[in-house]
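1. give me coordinates for this.
(one chain, ligands or ions: 1)
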Amino acid sequence: MTQVNDYDNWAAIRQKELKAGEKLPHRFVEKPAMRKLLPDLAGKKVLLLGCGTGEESQLLAEYGANDMVGIDLSQESVRLAKESYPNITFTVGDMHELEFDDESFDFVYSSLTIHYSEQPEKVYQEIYRVLKPGGSLQFSVGHPMRWASERIEIEGVVTRVLGYSENAEKPRLYGTYSSFKQYDETFPSGEVLRFWIAPPSTHFKLLRQSGFNVDNFVETRAIEECKEVDAYYFERNHEFPQFSVFVTRKPA
Ligand SMILES: C[S@@+](CC[C@H](N)C(=O)[O-])C[C@H]1O[C@@H](n2cnc3c(N)ncnc32)[C@H](O)[C@@H]1O
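-> Below you'll find the model as predicted:
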């Protein structure tokens, strides 16, 4: 059986796809949303939490970041990140137990990673600890509209549904929205992932309980450029959010 999560096995392929702009969620949905919210990072000490193979360091460099540390649980991803971006420090680490001193960073960036935690409150508490007062955390996680919907067949067509029947004699829920729930998914590529999806309100609650102020919240929409490449991917991910993005701050 393939191991959950198999990031080590897929690191090289993911990196190739990311560099070639072949990952549509990254290129047209999540990264554009994250990009819009990035602050000026010149002179800031930045942590890339769940940095994967390190490509996001190039995005942050565009915003002036030149003092970055990346951590990821996947040894192979970290090895490839070091090879590709030798001027940046990358280390293997777990977001639940960060090996950094209190108040070490001005900015923590975390893209599509915190939803791999069954205990996001632990991750938020750790990030809060390593942020300097006044420092920010910007991150993205899966949105339940997409990731907690259910795949069913309607008239022979595989369809994603979030909702319920209105017939009390044939009660049926499709997916969940309000629960914090574990999902195991094998993607068309063969990659196997286990993740936990919660409604945005749960993240708001856990962030506030951890001490953060939430300054901004965005539900992603695919950008117009996507139309040229895949019109139907654009349509569905423009109309329905695939990811939630939060900008939060540790009070000064
Ligand atoms: C979808 S990838 C995102 C990589 C990169 N941030 C990007 O956007 O391209 C999720 C990453 O989270 C990492 N990850 C999962 N659990 C983790 C943990 N407990 N601590 C640190 N990294 C973790 C995985 O190894 C993987 O590289």
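2. can you list the residues of this structure near the ligand?
-> Listed as neighbours of the ligand in the chain under the rule CB under 6 Å from any ligand atom: 7, 18, 50-52, 55-56, 72-74, 77, 94-96, 111-113, 116. In short, each C-beta sits where N, CA and C put it, glycine included.
3. which of the residues you listed fall in strands?
-> Using DSSP state E, D72, S111 are the members of those that sit in strands.
4. restricted to buried residues, select the residues of the chain next to the ligand in ChimeraX.
-> Taking 16 or more other CB atoms under 10 Å as the burial criterion, the selection of buried members of those in ChimeraX is written as:
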select :7,18,50,51,52,55,56,72,73,74,77,95,111,112,113,116
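5. next, K170: phi, psi?
-> Reported as degrees, to the nearest 10, the phi and psi values for K170 are phi -130, psi 70.
6. how near is it to Y164?
-> Computed with CB to CB, to the nearest Å, the distance linking K170 and Y164 is 10 Å.
7. just want to know which of those two has more residues nearby.
-> Y164 (11 against 7; other CB atoms under 10 Å).
8. which strand residues bridge the more buried one?
-> Legend: beta-bridge partners of Y164 under DSSP bridges are L173.
9. excluding chain neighbours, give the residue nearest to T176 in space.
-> Nearest residue to T176 in three dimensions, chain neighbours excluded: A148, at 5.2 Å (CB to CB, 6 or more residues apart in numbering).
10. check G64 too.
-> Spatial nearest neighbour of G64, excluding adjacent residues (CB to CB, 6+ apart): A42 at 3.3 Å.
11. contacting residues around that neighbour?
-> A42 makes contact with Y63, G64, A65, N66, according to CB atoms under 8 Å, 6 or more residues apart in numbering.
12. would it count as being in a strand?
-> No - inclusion of A42 in a strand is not indicated when DSSP: H, G, I helix; E, B strand; the rest coil is applied; the result is coil.
13. ok, residues contacting the strand or helix carrying A11?
-> With elements delineated by DSSP states H and E, A11 resides in helix 7-19, which encompasses its position. Helix 7-19 is touched from outside by 2-3, 22-23, 26, 52-53, 55, 72-77, 79-80, 84, 189, 191, with contacts defined as CB under 8 Å, 6+ apart.
14. now the helix or strand hosting E235: buried residues?
-> Using DSSP H and E, the secondary-structure element containing E235 is helix 231-239. Buried positions in helix 231-239, judged by neighbour count with 16+ other CB under 10 Å: Y233, F234, N237, H238.
15. likewise for stretch 44-63?
-> When burial is assessed from 16+ other CB under 10 Å, stretch 44-63 yields the following buried residues: 44-57, 59-61, 63.
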